[in-house]
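*Asks:* Here is a sequence with its predicted model. Questions after.
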Amino acid sequence: MPPTAVVAAATLVLGFAVADVTGVRPLGGIVLFLGALWCGLRWRAARGLPVALGLVAVFLVAFGLSHAVADVLGSWGSVLTLSAIVGLVTWWVADRRPA
């Protein structure tokens, strides 16, 4: 199975791409929902409910912030930047192996 950091970051990018290419925002929302659900279930199994809820919150906040940051970085710049941040946070909290 892929690391959850990759799936979480890719979900944000893919969700935006689907909405952008099709012009149907709810399709992008379905991608976001399914990716967040998959990650949330993996996080809960591996790290427990509080960590899973925290990481889902990070995912949702990044999604929301991407709209505001788009005014500065443009749509794709915003999505790519916040997806990278989500990936890093997720890797640090959920996927990183202790030394």
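*Replies:* On my side now, so go ahead. Residues are numbered from 1 along each chain as shown.
*Asks:* Would you confirm that V93 contacts L53?
*Replies:* No - in this structure, V93 is not within contact of L53 by C-beta atoms under 8 Å, at 11.8 Å. Quick note: C-beta positions are derived from backbone N, CA and C, even for glycine.
*Asks:* Of the two, give the one with the bigger neighbour count.
*Replies:* A direct count of neighbours by other C-beta atoms under 10 Å for V93 and L53 places V93 higher, at 16 against 13.
*Asks:* which ones are touching the more buried one?
*Replies:* Contacts for V93 (C-beta atoms under 8 Å, 6 or more residues apart in numbering) come out as R47, V51, G54, L55.
*Asks:* What is the most widely separated pair among the residues you listed?
*Replies:* Using C-beta to C-beta, the two most remote members of the contacts of V93 are R47 and G54, lying 9.2 Å apart.
*Asks:* follow-up on the earlier one: adding pLDDT, write the contacts of V93 out as JSON lines.
*Replies:* Output for the contacts of V93, formatted as JSON lines (pLDDT from 0 to 100):
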{"residue": "R47", "pLDDT": "95"}
{"residue": "V51", "pLDDT": "97"}
{"residue": "G54", "pLDDT": "97"}
{"residue": "L55", "pLDDT": "98"}
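*Asks:* among those, which are in helices?
*Replies:* Secondary structure from DSSP state H places R47, V51, G54, L55 of these in helices.
*Asks:* Many thanks, have a good one.
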